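Novice: Generate a structure from the sequence data that follows.
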Amino acid sequence: MYNILLTDDEQIMIDSLTFIISKNFDEQVKLFSATSGTEALEIVAKNPIDIIFMDINMPGLNGLETVRYIMHSKPDTVVIILSAFDQFQYAQEAVNLGAFKYLTKPVNRNTVVDTIRSAMASVDKKRGRISDEEELHKKLDLVSPMVESDFIYSAAFGGGTDVSEYFSYFAIEDCVYCFCCLEIPRIEEKKQYDMYTKIRDTLTPKTHCIIGSFMMNRIAIFFYFPKRMYEDNDETEIQNHLQDLYKLISIQICSGIKAGVSRIETSSESTTAAYNKALEMLNSVPEQGGIIFASEWVENQSGKNIAGEVAEKIFGRVRAGDASALPAFIKKYVSALVAKNAGIPDKTKNALFELLVNVRNITTEIDSSYHNDMFDNAFSILSKENDMSNLELFVRNICCECASAVMEASSRAVNPIIERATAFVNEHLSENISLEDTAQEVNVSPFYLSKLFKEEKNVNYVAYITDVRMEKARELLKDHRLSIKEISAAIGYSDQNYFSRIFRNKFGMTPTEFRDAVQK
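Specialist: Predicted coordinates:
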């Protein structure tokens, strides 16, 4: 079965192609149709389209622009361009975009049939290639876990065993590495392989790692990174990356996961020590879960201001919006204060109050609207309470809430690239602004800008511009002095009929009907 999309703003052309294709390929095809580039993009996004007939000259998003977007996201689609213009520059641009064929209207029936047969052969060839690649991946998926598990076992328990050959096998060159030990709560033995597969599928597209097999409810992961990530930023960039990965698996797998991470190592001879350090950190994570890095974990050494060092770690985790790591640090902070101020509980309480003030200040710097009523009575509560476990719980709750507020405020922040891009769109709404134009304005690639729009706005670039134009149209339609034609031009549509059709699709009524409803 082949899915074929027919795109033309003239319904008679769609009907003619439908008749020819149905008569000659009835049982082999499923047909879709679109009367605009925007509608075509929506259909391609929702359906596995194999072959597209695309009219080059459509109002709004023209055929070549539509093909450009499609080939970015689905390069294996076979595109056949239809045009009333037999001009070299159109054909050349179509070929450059990866079009399969360029046909001029009116199209001969035999030409359509021959072109579809050739297109189907091209689809079959691509499907065969993909099948071969899928078969290879299946074989690798059987072999790779065994090799990776063997490496993890040798690296973690080899006690200095030479693992350099594994480094060569996995192409770990000019890299630094660390071990991470994960503990998954409530995992049944019969579900361990499915969980291993889920962890692998979640992490491997995002980072370089080697994953071992489950030992009880724990699994060891070997992460490796280019040296520049370590040399340029100490461990900060790597820690932020691992923190993001921890959040990702917590979201996609389950909450309450514990994670311990070793220090960054450079020698292949240090793998066992790194694994042991990661395991030590894992055992320090509180029951509710979280991630602890060895480089942040302050050991109880005499002669050092342990409480001060732990406080800095707490401030760092609040700034990062990382509530999961705070309980363990606060527990260590309270213990350090009690040890330091033995016999003088008021000193410990004063230090805890000072910590809370600093945490609140960090939070309000990031979110000026943040307020917590508990702060108003914090000093009084700390003064009256003498049970250190209750004090620890009180401080932990406030710090975790502050970290959560920071995370929420950060998620609300507008990406500066998207902010500039949307401002550019609003300023040039009456013009034919392509993705490439906007990307050039904000100095990023079209592909990256398209990705940002999807992430930040939850719609693609084309859909965003259409939505903005339609909202602007609704606003302008309230001014009865403006004609529909003037409004259409003001928001970038040279074809009034096309504008009316898009408006009706969006709001369920024509611009005229909307204006009449508003003025009643």
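Novice: How is F222 assigned, secondary-structure-wise?
Specialist: Of the three states, F222 takes strand under DSSP: H, G, I helix; E, B strand; the rest coil.
Novice: Next: the one 3 residues further on.
Specialist: The three-state assignment at F225 reads strand, by three-state DSSP.
Novice: what about it, distance to W297?
Specialist: Per C-beta to C-beta, to the nearest Å, F225 is found 20 Å from W297. Yep, even glycine has a C-beta here, placed from its N, CA and C like the rest.
Novice: Can you get me a residue count around N426?
Specialist: Neighbour count of N426, defined by other C-beta atoms under 10 Å: 10.
Novice: Surely it is in contact with V468?
Specialist: Yes - shown here, N426 and V468 form a contact pair, counting by C-beta atoms under 8 Å, at 6.9 Å.
Novice: quick one: which helix or strand includes I52?
Specialist: Mapping I52 onto the secondary structure by DSSP states H and E places it in strand 51-55.
Novice: Could you export that strand as PDB, keeping only the C-alpha atoms?
Specialist: Extracted in PDB, the C-alpha atoms of strand 51-55 (Å, rounded to 0.1, in the frame of the first residue of the first chain):
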ATOM      1  CA  ILE A  51       4.400  10.100  -2.600                       C
ATOM      2  CA  ILE A  52       3.300  13.700  -2.900                       C
ATOM      3  CA  PHE A  53       2.000  15.600  -6.000                       C
ATOM      4  CA  MET A  54       2.700  19.300  -5.200                       C
ATOM      5  CA  ASP A  55       1.400  22.300  -7.100                       C
END
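Novice: so how far is that strand from its chain's centroid?
Specialist: Taking C-alpha atoms, centre = their mean, to the nearest Å, one finds the center of strand 51-55 at 30 Å from the center of the full chain.
Novice: Next, the angle from whichever helix or strand comes after that strand to strand 51-55.
Specialist: Downstream of strand 51-55, the next assigned helix or strand under DSSP H and E is helix 63-73. On the basis of axes from the mean of the first three to the mean of the last three C-alpha atoms, to 10 degrees, helix 63-73 is oriented at 150 degrees to strand 51-55.
Novice: Just the buried residues of helix 63-73, please?
Specialist: Within helix 63-73, the residues that count as buried by 16 or more other C-beta atoms under 10 Å are G63, L64, E65, T66, V67, R68, Y69, I70.
Novice: which strands and helices sit next to that helix?
Specialist: helix 37-46, strand 51-55, strand 78-83, helix 88-96, helix 446-457 (3 or more C-beta pairs under 8 Å, 6 or more residues apart in numbering; DSSP states H and E).
Novice: among the ones you listed, which is the most enclosed?
Specialist: Greatest average neighbour count among the helices and strands packed on helix 63-73 goes to strand 51-55 (a mean of 25), per mean count of other C-beta atoms under 10 Å.
Novice: which outside residues touch that strand?
Specialist: 2-10, 13, 17, 40, 44, 63, 66-67, 70, 77-83, 116, 119-120, 123 (C-beta atoms under 8 Å, 6 or more residues apart in numbering).
Novice: ok and it relative to helix 37-46, angle-wise?
Specialist: 170 degrees.
Novice: lowest confidence element among the helices and strands of the protein?
Specialist: Least confident helix or strand of the chain, by mean pLDDT, DSSP states H and E, is helix 88-96 with a mean of 63.
Novice: Can you point out the buried residues in the helix or strand just after that helix?
Specialist: Sequence order places strand 101-104 as the next helix or strand after helix 88-96, per DSSP H and E. Residues of strand 101-104 classed as buried: K101, Y102, L103, T104 (neighbour count, 16+ other C-beta under 10 Å).
Novice: got it, and stretch 374-394?
Specialist: F375, A378, L382, E385, M388, L391, E392, F394.
Novice: circling back: list the strands paired with the strand holding I52, with their directions.
Specialist: strand 2-7 (parallel), strand 78-83 (parallel) (DSSP bridges).
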